[in-house]
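Colleague: model the structure of this input:
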Amino acid sequence: MKARHVRGVDPEASLRANAALIVRTRLDELHSFAEPALESGATTAQHDLRIAAKRLRYVPEITESCFGEEATAARNAAKELQGVLGEIHDHDTMLSRVRGIESLEEQLRISREQLFRRFHGLWQVEASRGTWVALERALH
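Modeller: Alright, predicted model coming up:
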């Protein structure tokens, strides 16, 4: 998945102003994949959401001092999402390689379903905490 282009970055503007543009773009990218990724079998959307979470995570790692605790909370949430979605992707990759080995396929399917429920729960927790909304507000 190719990263969305960040529009309006100005080398003459402050770090905070430019970082806000980048974070907003990455946050929009994250949200664009969330709804489809919340479907259990949406492997492509889940992989794309993982990449979007990774991209969102890295911006606050170097600019969170511009946006405070909201950026720290979003960075931590994105890191956790990235991790569990990475594990799901690993299971998807392994499932495609072990076709025909029924016992292993079954174990991987069960484990993947548990990981998916964990991801789904994490997404719901962050939404109820208002993590993404708080980050958006901190950008202003």
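
Colleague: tell me where this protein has helices.
Modeller: 15-37, 43-63, 69-97, 102-129, 131-138 (DSSP state H).

Colleague: show me what the second one is packed against.
Modeller: Secondary structure elements in contact with helix 43-63, counted by 3 or more Cβ pairs under 8 Å, 6 or more residues apart in numbering; DSSP states H and E, are helix 15-37, helix 69-97. (C-beta placed from N, C-alpha, C; glycine too.)

Colleague: for the longest one, buried residues please.
Modeller: Same thing as helix 69-97. 70-71, 73-75, 77-89, 91-92, 95 (16 or more other Cβ atoms under 10 Å).

Colleague: next one: the shortest one
Modeller: Judged by neighbour count using 16+ other Cβ under 10 Å, the buried positions of helix 15-37 are 18-27, 29-30, 33-34, 37.

Colleague: roughly how far is it from the heart of the chain?
Modeller: Relative to the centre of its chain, helix 15-37 is centred 10 Å away, using Cα atoms, centre = their mean, to the nearest Å.

Colleague: quick one: it to helix 102-129, angle?
Modeller: Relative orientation of helix 15-37 versus helix 102-129 (axes from the mean of the first three to the mean of the last three Cα atoms, to 10 degrees): 130 degrees.

Colleague: list the contacts of stretch 11-23.
Modeller: By Cβ atoms under 8 Å, 6 or more residues apart in numbering, the list of residues contacting stretch 11-23 from outside reads 6-10, 56, 59-60, 63, 66-67, 71, 135, 139-140.
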